[in-house]
Each structure stands twice: as C-alpha cells, then as structure tokens.
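> Okay, predicted coordinates and the sequence, questions at the end:
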Amino acid sequence: MRRLNPASRRAHVRGATLIEGLVAAAILAMGISGVFGGLIFASQQNAAANRLSQASAIASQVRSGIQLQGRSRLFADTGPLSSARCAGAAETLELAGGLSTLPDACVVDLDAFETGTGDPLLRVVPGYSPEESEHYRRVLVWTPAQAIDSVAVVVSFRSAGQRRYVKQFVALYNPAENGAGVEL
C-alpha cells in the first residue's frame, strides 16, 4: 500500500474542494434562477388577476347603470340601444367575445356612444375615467325580444398578448308585455 506524503494529500483535498465548490455554485445559481422565474410568473399572474377584477367591476358598473336608467330611457332616440347604433365593423364585433353570433344580436360600442354624446346625463356610467378606457373596452350586446330584451355587458382587455372578456347579463322587461305594466 502506497502512502501519500502530507503535501500531496493536501493538494488532493484542495482539488476535491474546488470541484465541490463549483458544483455547489452551479446548483445555487440554478436554484436562484428558478426562484426569480417563479417570482416573475407570480407577478404576471397577479397583474392579470388585477385586470380581471377591474374589468369585472367595470361590467358591474355598466350593468347597474343600465338597470338605473331603465328600459324606456335606453331605447329612446338618445339612448344607446337602437338598431341604428348596431356596429358592423369587425373590430367592434370581435369585442363582443363571441356573442355577436347570437340570433338578431346588435353590438353597440358603449365607449364610442359615451364619447360621442355631449350630454353627461346620457352616459350609462357617468364616472367612467379616460384612464380606464385606455385599457378596457366596453360593448353592449342587445338581443331584442317581444317581452324580454337581453343585454350582455362585455368588458374586454388585453392580457398576455390575447384579448380577455368579462360578460354580465341584464334582462329588460317590456312593460306592455309582462302583464303587470311595470318595467322591471
């Protein structure tokens, strides 16, 4: 059996320590990059959830505004729901999130309607800010019927390179058709 002298034994130990140190540093670097990747992913998901929550709040505001204005005001000449306001442009129909294919559906660009009206009292949501309109698009999808008109409020936004949609629905009862003569 061959014995190593103390100097060569120290050199052998140093070499093993250097290799172990390099491997440990490489493993640590991979771990840190994984943690940062996870943090970036979590941040992106948090931002997307925030946008979705904001879009849902905007849709609720529009739905409440529709309910507060009532059927007669919405269908008046100055209101947003009329067949003359139905959009035909492909980009506006795309904002309906697939609801434009419903039978007799009329897609109304609510942002264009509210921007074009000079009277703030005619707006469905008077407090809708210009900052929100930069990130979110609002359309109404009106499906006319004899007794009950259906209106879908669609708020869309871009997230992760694609358009996302929040949809909420309102039923507008025709007082002449519901038997009670009241607008619900």
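Now that the structure is in, tell me what you want to look at. Numbers count the residues shown, from 1 in each chain.
> For the protein, just list every one of the helices.
Applying DSSP state H to the chain gives helices spanning 6-69, 71-74, 90-94, 110-116, 130-135.
> between the ones you listed, which gets nearest to A176?
Proximity of the helices of the chain to A176 was assessed by CB to CB; the nearest stretch is helix 71-74, lying at 10.4 Å. Yep, even glycine has a C-beta here, placed from its N, CA and C like the rest.
> if we can go back for a sec, tell me which of the helices of the chain sits nearest to D149.
Distances from D149 to each of the helices of the chain were compared by CB to CB, and the smallest falls on helix 71-74, at 7.3 Å.
> who does the helix or strand of the chain with the lowest mean pLDDT touch, helix- and strand-wise?
Among the secondary structure pieces of the chain, namely its helices and strands, helix 130-135 has the lowest mean (mean pLDDT, DSSP states H and E), a mean of 82. Using 3 or more CB pairs under 8 Å, 6 or more residues apart in numbering; DSSP states H and E as the contact criterion, the elements in contact with helix 130-135 are helix 6-69.
> ok, back up a step: tell me which of the helices of the chain lies nearest to V155.
Comparison of those against V155 by CB to CB identifies helix 6-69 as nearest, at 4.4 Å.
> Flag every buried residue along stretch 80-94.
Residues of stretch 80-94 classed as buried under the neighbour-count rule (16 or more other CB atoms under 10 Å) are 80-81, 85-87, 92-93.
> Identify the residues contacting that stretch?
Outside stretch 80-94, the residues that touch it by CB atoms under 8 Å, 6 or more residues apart in numbering are 74-75, 100, 106-110, 113, 124, 139-140, 142, 149, 151, 163.
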